[in-house]
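>>> Give the three-dimensional model of this entry:
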Amino acid sequence: MTEAWDKPPVFDAGGHGLVQAGIVVQDAIRTARGYTDLFGLGPWVFFDLLLDQMILDDRPLTGIETGVRIAMADLGRLQIELLEPMYGPSTYMSFLKERGEGVHHLSFGRIEDHGRFVEAMTRAGQGIEMQGVWGGAVTFTYLATQKDLGVILEAVSPAPEGVRSTLRPWGRLDAEKPGPVDTTGKEVVQVGLVVEDAEGMARRYRDLLGIGPWMFLEFKPPIASDGRLRGVALNPGEEACVRIALARHEGLEIELIQPVAGPGTHMDFIKSHGPGVHHLSFGESRDHDEFVAGLTGRGIEVEMTGRLGDAVTYTYLDTRNDLGTIFEIVKTDPGKRPKIAPYGMWPPSS
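All right, here's what the predicted structure looks like:
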């Protein structure tokens, strides 16, 4: 009998890394300044896009103009794209009204077989969240993968041969001075999504994109300890319980987080926003303490912190107002190994 993990995925995403996090914000200029002020990140390049040949929620739009202001900068290998909906209907406008600021999509960037990717995914039941053309040359497609994958996925087509984009940047913002924390050499190594069913969604990532294998863990007392939620110490034994699914894809870790019980940032997120991208993580860093002190010294609050396996400290920083999303940083005590064992794998090891 052929098991589910032996079947080919709808589209094999091997070789196609997630290269961009698109964050919907109220004000792209203000948020870009937040990144320069806190992280010393830049340069930022600004565009105002008038989108045409639009499809929204699987329906063509005619006779309606849609405008969006975007700002782009590279944070290591991951591009940060800030999206400010200006006028007209769009997935960005809907997202902002329904959920507020936050990570709207993850992008594979330019895919040579863009058409085949979109056709395969739509045939598998994934609708078109939004599609359009910018600069008269490049087609972008957002797929409505929120239910199955916890986030909208984007792919962009190459420009047709002989066609040049008319899109030109209108401005640039450089960091005027170093920020209170040093992000030089730092990479976003993980995207953390809050979901309703971590194991089930891990299987959908494999079925649709071939992403896996997945490791399943559960964090609860006594493995989880010393939790503090926005400065309030959690009572012993009342630590949040979450189930986790972890997989790596082209150098980026995808973390699916299912809140099960107890107070915590993940439970708060899913109750107020629903499933979606909760954080971007720099992962383990030797300057964890200096990084946290630098940001808290600038008025950034610690959203949540705690210990895992008596060796790992995780810290979520509430940078949502300044940067549009939460950032995480982690440290492991010198000479210690976390006592955390997975409760399962998918596909199962032979």
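>>> hang on, Asp310 packs against Ser225?
Yes - assessed by Cβ atoms under 8 Å, Asp310 is found in contact with Ser225 at 7.4 Å. Where C-beta positions appear, they are placed from N, C-alpha and C, glycine not excepted.
>>> where exactly do the strands run in the stretch 251-350 of the chain?
Applying DSSP state E, counting those that start in this stretch to the stretch 251-350 of the chain gives strands spanning 252-261, 276-284, 302-308, 312-317, 326-332, 344-346.
>>> Arg33: which of those strands is closest?
strand 326-332 (16.5 Å; Cβ to Cβ).
>>> what does the closest one contact?
Strand 326-332 is contacted from outside by 190, 192, 265, 278-286, 288-289, 291-292, 303, 311-320, 338, using Cβ atoms under 8 Å, 6 or more residues apart in numbering.
>>> same thing but at 6 Å, please
Strand 326-332 has contacts (Cβ atoms under 6 Å, 6 or more residues apart in numbering) with 279-285, 288, 291, 303, 311-317, 319.
>>> same question, stretch 16-27
Contact with stretch 16-27 is made by 31, 79, 81-84, 92, 95-96, 101, 103-109, 250, 252, 324-325, as judged by Cβ under 6 Å, 6+ apart.
>>> How far off centre is that stretch?
Counting by Cα atoms, centre = their mean, to the nearest Å, stretch 16-27 is centred 7 Å from the centre of its parent chain.
>>> can you tell me how far Glu303 sits from Arg228?
10 Å (Cβ to Cβ, to the nearest Å).
>>> Kindly report the same for Phe140.
Relative to Arg228, Phe140 is positioned 41 Å away (Cβ to Cβ).
>>> Then Gly135?
Shown here: Gly135 relative to Arg228, a distance of 47 Å by Cβ to Cβ.
>>> So if I had to pick from Glu303 and Arg228, which one is more boxed in?
Neighbours of Glu303 and Arg228, each counted by other Cβ atoms under 10 Å, are more numerous for Glu303; the result is 24 against 14.
>>> Spit out the contact partners of that one.
Contacts of Glu303 by Cβ under 6 Å, 6+ apart are 265, 316, 318, 326.
>>> Can you tell me which of the residues you listed is nearest Asp57?
Ile326 (28.1 Å).
>>> Report the beta-bridge partners for that closest one.
Counting by DSSP bridges, Ile326 forms beta bridges with His279.
>>> burial of it, as a residue count?
Residues near Ile326, counting by other Cβ under 10 Å, number 22.
>>> returning to that earlier point: could the strands of the stretch 251-350 of the chain be laid out in JSON lines, adding mean pLDDT and distance to Leu209?
Formatted as JSON lines, those follow (pLDDT from 0 to 100; distance: least, Cβ to Cβ, whole Å):
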{"stretch": "strand 252-261", "mean pLDDT": "97", "distance to Leu209": "10"}
{"stretch": "strand 276-284", "mean pLDDT": "98", "distance to Leu209": "16"}
{"stretch": "strand 302-308", "mean pLDDT": "96", "distance to Leu209": "28"}
{"stretch": "strand 312-317", "mean pLDDT": "98", "distance to Leu209": "27"}
{"stretch": "strand 326-332", "mean pLDDT": "97", "distance to Leu209": "24"}
{"stretch": "strand 344-346", "mean pLDDT": "92", "distance to Leu209": "14"}
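>>> phi, psi of Arg99?
Per-residue torsions, Arg99: phi -120, psi -20 (degrees, to the nearest 10).
>>> Which segments of this protein make up each domain?
If you go by automatic domain parsing, the domain ranges for the chain are 4-173, 190-346.
>>> Export those to a markdown table and append columns for distance to Pro180.
Shown next, in a markdown table, are those (distance: least, Cβ to Cβ, whole Å):
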| stretch | distance to Pro180 |
| --- | --- |
| domain 4-173 | 7 |
| domain 190-346 | 4 |
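>>> wait, what's in contact with Lys220?
With Cβ under 6 Å, 6+ apart, Lys220 has these contacts: Cys241.
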